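J.: When you get a sec, could you give me coordinates for this:
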Amino acid sequence: MINEFSKKESPILGLAGMGGGVPSRLLTLASGTTTYVDDVFSTFLYDGTGSALTITNGINLSGEGGLVWTKRRNITRNHILFDSERGTSSRLMSDHTNGAANQPYSITMNSNGYAWSGTDNDVNITGSTYCSWTFRKCPGFFDIVTWTANDQVQQLSHNLGSVPGMIIVKRTDDTGNWLIWHRSLPNSLNDFLRFDTADKQSAVGVWGNNAPTSDYFEFNAQTSGREFIAYVFAHNDGSFGEDSDEAVIKCGSYTGTGAAGNQITLGFEPQWLIVKNTSASNQNWEMFDNMRGVATGGTAVELFPNTSSAERAAFNIFNFNATGFETESTLDETNANGDSYIYIAIRRPHKPPGAGTDVFKPELLTSDSQTFNPGFAPDMNWHMFNRSSSSGFAITGTRLTGNSRYLQTYSTAAEAGSGSNWEYDAPTGKFTQGISTGSTSGGIEYFFKRAPEFFDVVTYSGTGSAQTVNHTLSVAPEMVWVKSRNNTTSSWSVTSSALGSGNYMFLTHAGVSSGSGSNTQYDNNQSPTSTVFYRGSEDSQAGTDYIAFLFASLSGISKIGTFTGTGSDLDIDCGFTAGARFVLIKRTDSTGDWYIWDTARGILSGNDPYLKLNGGQEVTNTDYIDPLNAGFTVTSSAPAAINASGGTYLFFAIA
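T.: Predicted structure coming up:
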């Protein structure tokens, strides 16, 4: 039966009836294939070149198809959408009601990303910064459906294999509104949202007679012959990850509280988030991602799918955490008291690394202002200054806490930094440092990427008593470093399974060393698990913000362990095949510095330069370790702080 809505012209500008068009091609996962969010979604930042430009983001668009959504960040320009179903020169604009239009430039969809054929203000012009989000067609994640209207309610097949969470529909042959269905809207058949207007809309039966299913969705419009496209997003399909039991996308809702600390639980840490207030008038769609920045305790960088406005970085809006996201503001757009909000969130990368070079790289500093591209998007770096001077020291920063913010590993100082001297995914590369102090005297950067079973970064706030903190390492961490971010008297605490529960060490000032102690103040005398770690009262002070680095052993990539010194050459087998590129050693039964070696400066059969994480001048005329394919060798010439007969030592090595 054709309902009342289908008998008359829609109140929605340009909305047309839909016909029995051919659905998008069937996508299947090969039997036994493990799929990660890394395989189906990417946020990629780049600079325009004004000429042909290839974006390598690891997403197979030529084989599977998908959507590339691009936005110029630094000035007002349209959001540009290209997809595999409409042709390589045909664009749509989320902030505009225009139909699809062919452009003088085009996109080529490749097996590991895409390429722009030439220059354009919207996607590739010299001197401008851009962000792109790539969605690969994949069951359980995303699909694209195109069709032709036939003057009736149409049932349109999709290939998600699960019930959609959000559907975005656009007329493509002419002007027409963006119509958005979301599973959390109150009336699933009548309610819809639009990019081109701020308010929730309603029209009888716009989504047909039946709610979306795992096989199809319905749409109701008029006028045969009009062309449409739908971007179909899954919700909570648990078919991804190592055991094919994890969701990578969720579409849900929450109620604003008008106060910080409104926790929205996803069951994973997001990397990309869109939020929309569905209660109040004139509220933008808000778009965030962890590459442009959602800094814990700092500024979130946002774009607006419904407007061409430049990127805005003005408020501390959200924190991303191990189980979801948390509001930090009272903005009407994201957290007004009693207002309703819908969201779509995509999980952060969770593919285990295949080699140590996927997650760690040491690089020498050669100038006061230097850009690095370690081959991956780094999440943490240690910045070792002035290695040729007695005033050498080390600082560390993270993507999670934001650009220009750092802590000193050699002191109890609070988090500091300002300006543009410390930038993740800076306009000129993956990471840029411009801190001049000592850089020309020689220094080194250690870049780390967060990855399952290797390394994680967690921020949390103290409660005033022992507490449990979530993490995303996927295994129990074997070493945990914790530092207060806003307390000037708190040291870095180090707990490790190698020390046993209740035991701890400190990263301290240059020239000061510490053995391990025994106290429940730091890990509450509880061993961490694959999902949580524990903090005692010293690392959980009320009103104090903390950061934690979590490290683990990953076969063939990293190894945390202990050895007993012999005073003679001692081979440390880490299970590697081409030796260690990084080695850290700390004596645990007595005093001793935190010694560091790396292949950027040399792990050789002769002298090997070392630095100390707790500060001091680089030493270049000693031979305390030697290369070993399986790991590294501690030599007989090493002092008691590294290889005393009967001494016990903690080590951390990366292949």
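J.: hey, let's count contacts and neighbours off CA atoms from now on
T.: Will do.
J.: got any ranges where the stretch 201-350 of the chain has weak pLDDT?
T.: The stretch 201-350 of the chain contains residues with pLDDT under 70 at 222.
J.: Same question for the stretch 351-500 of the chain.
T.: Of all residues in the stretch 351-500 of the chain, those with pLDDT under 70 make up the ranges 389-392, 418-420, 427-429, 435-441.
J.: What segments of this protein are helices?
T.: Applying DSSP state H to the chain gives helices spanning 4-7, 37-40, 61-64, 332-335, 640-643.
J.: Tabulate those helices (a markdown table), appending mean neighbour count and distance to residue 378.
T.: Conversion of the helices of the chain to a markdown table gives the following (neighbours: other Cα atoms under 10 Å; distance: least, Cα to Cα, whole Å):
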| stretch | mean neighbour count | distance to residue 378 |
| --- | --- | --- |
| helix 4-7 | 15 | 52 |
| helix 37-40 | 20 | 15 |
| helix 61-64 | 18 | 24 |
| helix 332-335 | 24 | 29 |
| helix 640-643 | 23 | 30 |
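J.: Which one, of those helices, ends up nearest to residue 220?
T.: helix 4-7 (6.5 Å; Cα to Cα).
J.: can you give me the mean pLDDT across that closest one?
T.: Across helix 4-7, pLDDT averages out at 28.
J.: And for the residue lying closest to residue 294 once chain neighbours are set aside, the neighbour number?
T.: Closest residue to residue 294 apart from its sequence neighbours, by Cα to Cα, 6 or more residues apart in numbering: residue 300 at 4.3 Å. By the criterion of other Cα atoms under 10 Å, residue 300 has 23 neighbours.
J.: quick revisit: residue 164: which of the helices of the chain is closest?
T.: Among the helices of the chain, the nearest to residue 164 by Cα to Cα is helix 37-40 (16.4 Å).
J.: What lies in contact with that closest one?
T.: With contact meaning Cα atoms under 8 Å, 6 or more residues apart in numbering, helix 37-40 is reached by 58-60, 134-138, 141, 240-241, 248, 347-351.
J.: What of stretch 272-285?
T.: Contacts for stretch 272-285 (Cα under 8 Å, 6+ apart): 195, 197-200, 286-290, 304-306, 332-334, 339-348.
J.: Give me the distance between that stretch and the centre of its chain.
T.: How far stretch 272-285 lies from its chain's middle: 22 Å, per Cα atoms, centre = their mean, to the nearest Å.
J.: Stretch 175-195 now?
T.: Averaging C-alpha positions (Cα atoms, centre = their mean) puts stretch 175-195 29 Å from its chain's average.
J.: Stretch 218-228 now?
T.: 38 Å.
J.: Now do the buried residues in that stretch.
T.: With burial defined by 16 or more other Cα atoms under 10 Å, the residues of stretch 218-228 counted as buried are 218-223, 225-228.
J.: rewinding a little: the contacts of stretch 272-285 in strands, which ones?
T.: With strands taken from DSSP state E, the overlap with the contacts of stretch 272-285 comprises 286-289, 340-347.
J.: Now tabulate those in JSON lines and tack on distance to residue 450 and neighbour count.
T.: Converted to JSON lines, the ones in strands among the contacts of stretch 272-285 look like this (distance: Cα to Cα, whole Å; neighbours: other Cα atoms under 10 Å):
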{"residue": "286", "distance to residue 450": "26", "neighbour count": "19"}
{"residue": "287", "distance to residue 450": "23", "neighbour count": "19"}
{"residue": "288", "distance to residue 450": "19", "neighbour count": "22"}
{"residue": "289", "distance to residue 450": "16", "neighbour count": "23"}
{"residue": "340", "distance to residue 450": "33", "neighbour count": "20"}
{"residue": "341", "distance to residue 450": "30", "neighbour count": "22"}
{"residue": "342", "distance to residue 450": "28", "neighbour count": "20"}
{"residue": "343", "distance to residue 450": "25", "neighbour count": "21"}
{"residue": "344", "distance to residue 450": "23", "neighbour count": "22"}
{"residue": "345", "distance to residue 450": "19", "neighbour count": "24"}
{"residue": "346", "distance to residue 450": "16", "neighbour count": "23"}
{"residue": "347", "distance to residue 450": "13", "neighbour count": "23"}
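J.: Report the two of the residues you listed separated the most.
T.: 340 and 347 (22.5 Å).
J.: so how far is residue 467 from residue 645?
T.: 39 Å (Cα to Cα, to the nearest Å).
J.: Next: residue 71.
T.: In terms of Cα to Cα, residue 71 sits 41 Å off from residue 467.
J.: Neighbour count: those two, which is higher?
T.: Set side by side, residue 71 and residue 467 show more neighbours around residue 71, with 28 against 17, by other Cα under 10 Å.
J.: Report the beta-bridge partner residues of the more buried one.
T.: Counting by DSSP bridges, residue 71 forms beta bridges with residue 79, residue 131.
J.: just the ones in strands among the contacts of stretch 272-285 now: which is nearest residue 421?
T.: residue 289 (21.4 Å).
J.: quick one: the closest one from residue 621, how far?
T.: Per Cα to Cα, residue 289 is found 46 Å from residue 621.
J.: again with residue 151
T.: Residue 151 is 83 Å from residue 621, where distance means Cα to Cα.
J.: residue contacts, residue 495?
T.: If you count contacts by Cα under 8 Å, 6+ apart, residue 495 has them with 479-481, 501-505, 522-523.
J.: Derive a PyMOL selection command for the buried subset of the residues you listed.
T.: Burial among the contacts of residue 495 is assessed by 16+ other Cα under 10 Å; the matching PyMOL selection reads:
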select buried, resi 479+480+481+501+502+503+504+505+522+523
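J.: ok, of the contacts of residue 495, which one's closest to residue 363?
T.: Lowest distance from residue 363 to those (Cα to Cα) belongs to residue 481, with 22.7 Å.
J.: was I right about that closest one contacting residue 493?
T.: Yes: between residue 481 and residue 493 there is a contact under Cα atoms under 8 Å: 5.6 Å.
J.: Pop the domain breakdown of this protein in here.
T.: Domains of the chain are assigned by automatic domain parsing as 4-26+140-234, 37-136, 249-347, 356-448, 455-551, 558-654.
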